[in-house]
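*Asks:* build me a structure from this.
(one chain, ligands or ions: 2)
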Amino acid sequence: MTETSHAPLTLIAPAKLNLFLHINGRREDGYHELETLFTFLNFGDDLTFSLTDDRKITVTGDTQGIPTHDNLIYKAAFLLQQHCQCQQGVNIHLVKRLPMGGGVGGGSSDAATTLLALNRLWNCNLSLAELAQLGVTLGADVPVFINGHTAIAHGIGEQLHNVELTPGWFCVVHPGEHVSTAEIFTHPDLKRDTAKLKADWQTENLRNDCEPLVKKLCPEVEKALQWLLKYAPSKMTGTGACCFAEFSTQAEAEQVLAQLPEKWTGFVATSATLSPAHTALNAHFEMK
Ligand SMILES: C[C@@](CO)(OP(=O)(O)O)[C@H](O)COP(=O)(O)OP(=O)(O)OC[C@H]1O[C@@H](n2ccc(N)nc2=O)[C@H](O)[C@@H]1O
Ligand SMILES: Nc1ncnc2c1ncn2[C@@H]1O[C@H](COP(=O)(O)OP(=O)(O)O)[C@@H](O)[C@H]1O
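*Replies:* Ligands and ions are numbered 1, 2, ... in the order given. You can find the predicted model right below:
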């Protein structure tokens with residue numbers, strides 16, 4: 001492997017939260033029609049990209065036992081390299097902070113940051129819409145990270161309508177359980193009949209339709225939601241297992257995190273209307 005003259009580029013793969021998640025129905029292919037509000041957090045994994053002159057793609061760092069060819073980072077890089085017939089390679093070094101299967105979208109965000117970064121570094125020049133089209137083949141959540149704006153998603157999560165939200169401080173708790181998205185979506189007890197949102201959706205009862213089922217299957221999720229509820233309204237993100245509560249100041253959110261029972265992990269972060277990956281990437285290329 002020969003590294004090129006490019007200096008390595010480090011970018012964040014931010015966490016997302018589903019501020020609500022309604023399930024409206026099930027399609028014939030098994031995927032579910034959703035309505036969900038995605039926002040980004042200023043907290044996530046770090047990916048460092050070092051270009052090489054051969055076509056090899058390697059992933060190092062906290063890969064947590066995932067075989068390289070199954071890693072969404074490798075899959076994203078390979079997909080783009082094939083699609084654009086790119087002659088360069090890359091080493092991608094991962095610092096993992098987001099809990100796997102935690103509902104904060106770590107794998108999808110890693111894939112999206114890889115597509116966004118390599119599109120620039122390899123000079124592929126695909127539009128965000130083209131990158132999102134490639135990305136959705138890796139996971140339903142990848143397009144929202146490519147789009148990079150707080151948005152309500154419809155369809156299976158790929159039709160995005162940008163919205164503006166006032167940023168807040170979030171305390172996110174991971175109650176130690178790994179929830180399989182596929183298991184929740186194939187469970188017979190999942191609520192799948194919520195009515196579609198109306199124009200004035202802000203006034204509706206916004207909730208996470210996966211929550212009752214996940215609470216039943218994972219008692220620690222129920223406990224984390226109850227624990228957070230002592231301080232502020234609590235919700236689960238995605239198909240779990242992470243739960244969150246919003247606060248107006250950093251100090252309030254940090255005070256709650258400081259009291260977190262030792263058996264759980266958590267973090268505090270602000271939300272961001274624009275994905276911090278886009279902000280960092282734009283800053284890097286403007287500087288050049
Ligand atoms: C429902 C969400 C909300 O954010 O859950 P989380 O994964 O974040 O918890 C996501 O859209 C998940 O996106 P992602 O994790 O990328 O899903 P995929 O890998 O495409 O699919 C995992 C499994 O979930 C099911 N699935 C996923 C999305 C969807 N709209 N309907 C589904 O039924 C499919 O059965 C699939 O086998
Ligand atoms: N780079 C990656 N980071 C996290 N998970 C990955 C990665 N590559 C593949 N995966 C697989 O994707 C699954 C879902 O991961 P993740 O995106 O963290 O969950 P969620 O969508 O619930 O937040 C993991 O259990 C793991 O097997």
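*Asks:* so who does the residue in the stretch 51-200 of the chain positioned nearest to ligand 2 touch?
*Replies:* Relative to ligand 2, the nearest point of the stretch 51-200 of the chain is Gly107 (2.9 Å; Cβ to the nearest ligand atom). (Each C-beta comes from the backbone N, C-alpha and C, glycine too.) Contact analysis of Gly107 by Cβ atoms under 8 Å, 6 or more residues apart in numbering lists 72, 100, 139.
*Asks:* so how far is Arg192 from the first one?
*Replies:* Taken as Cβ to Cβ, to the nearest Å, the spacing of Leu72 relative to Arg192 amounts to 27 Å.
*Asks:* buried residues in stretch 199-217, which are they?
*Replies:* Under the neighbour-count criterion of 16 or more other Cβ atoms under 10 Å, stretch 199-217 has 206, 208-211, 213-215, 217 buried.
*Asks:* and that stretch, anywhere near ligand 1?
*Replies:* No - against ligand 1, stretch 199-217 shows no contacts by Cβ under 6 Å from any ligand atom, the least distance being 7.5 Å.
*Asks:* what's the average pLDDT for that stretch?
*Replies:* Averaged over stretch 199-217, pLDDT sits at 93.
*Asks:* now do stretch 77-89
*Replies:* Average pLDDT, stretch 77-89: 97.
*Asks:* still on that earlier bit, filter the contacts of Gly107 by proximity to ligand 1?
*Replies:* Contacts with ligand 1 within these, counted by Cβ under 6 Å from any ligand atom: Gly139.
*Asks:* of the contacts of Gly107 - the most surrounded one?
*Replies:* Highest neighbour count within those, by other Cβ atoms under 10 Å: Leu72, with 22 neighbours.
*Asks:* tell me where the stretch 51-200 of the chain has strands.
*Replies:* Applying DSSP state E, counting those that start in this stretch to the stretch 51-200 of the chain gives strands spanning 57-61, 89-95, 151-154, 159-162, 169-174.
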